[in-house]
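Novice: fold the following for me, if possible:
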Amino acid sequence: MKKVLIIEDDEFLQGLEAAKIKKSGYDVIAAQNGEDGMRRISDPKIDLVLLDLLLPNFDGFQILKKIRETEATKNIPVIVFSNLSEKKDLDRATELGATRFMIKSNFSLEELIEYIDKTLKK
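Specialist: Residues are numbered from 1 along each chain as shown. Below is the predicted model:
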């Protein structure tokens with residue numbers, strides 16, 4: 001079973017995302033802050049990361065940069081799922097190697113699952 005790491009500090013939203021992703025047939029690991037996310041990304045079985053950008057400790061940009069600089073994680077798809085919607089944030093995430101940038105208010109959880117399925121070719 002494919003494993004998705006959710007790095008999201010909003011406990012309510014993280015719970016909704018995790019429930020929907022699990023219901024769609026994936027294992028889920030969750031982290032509520034940047035430090036925990038950085039620790040969990042080294043799990044060799046992570047197939048995809050769902051990453052918020054506004055996080056305590058390390059922001060999502062720092063996490064994305066580390067993912068792409070680390071040999072073991074550089075090819076893991078990373079979907080940025082954030083409330084940040086300015087072009088500069090989209091451009092920065094893209095430059096750092098985000099697979100997809102999704103603005104939370106513009107997408108439903110069903111659309112998020114569709115993109116996860118497509119990315120992991122389920």
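Novice: report the central residue of the chain.
Specialist: Nearest to the geometric centre of the chain sits residue 50, at 1.5 Å (CA atoms, centre = their mean).
Novice: any idea whether it is helix, strand or coil?
Specialist: strand (DSSP: H, G, I helix; E, B strand; the rest coil).
Novice: so what's residue 51 bridging to?
Specialist: residue 7, residue 80 (DSSP bridges).
Novice: that one against residue 63, yeah?
Specialist: Yes - counting by CB atoms under 8 Å, residue 51 touches residue 63, with 6.3 Å between them. In this view, the C-beta of every residue, glycine as well, is placed from N, C-alpha and C.
Novice: what touches both of the two?
Specialist: 7, 37 (CB atoms under 8 Å, 6 or more residues apart in numbering).
Novice: which one's more surrounded, these two?
Specialist: Legend: neighbour count by other CB atoms under 10 Å for residue 51 and residue 63, higher for residue 51 (29 against 26).
Novice: can you pull the buried residues of the helix or strand bottoming out on mean pLDDT in the chain?
Specialist: Least confident helix or strand, the chain: helix 34-40 with a mean of 89, by mean pLDDT, DSSP states H and E. Going by neighbour count (16 or more other CB atoms under 10 Å), the buried part of helix 34-40 is 34, 36-38, 40.
Novice: for the closest residue to residue 10 other than its chain neighbours, give me its contacts.
Specialist: Take residue 10 and drop its neighbours on the chain: the residue closest to it by CB to CB, 6 or more residues apart in numbering is residue 52, 7.5 Å away. Contact partners of residue 52, counting by CB under 8 Å, 6+ apart, are 7-10, 60, 80-82.
Novice: count of residues packed around residue 113?
Specialist: Around residue 113 there are 18 residues (other CB under 10 Å).
Novice: quick check: the residue nearest to the centre of the chain touching residue 13?
Specialist: No - using CB under 8 Å, residue 50 is not in contact with residue 13, being 10.6 Å away.
Novice: shaky segments in the chain?
Specialist: 122 (pLDDT under 70).
Novice: right, I'll call it a day here.
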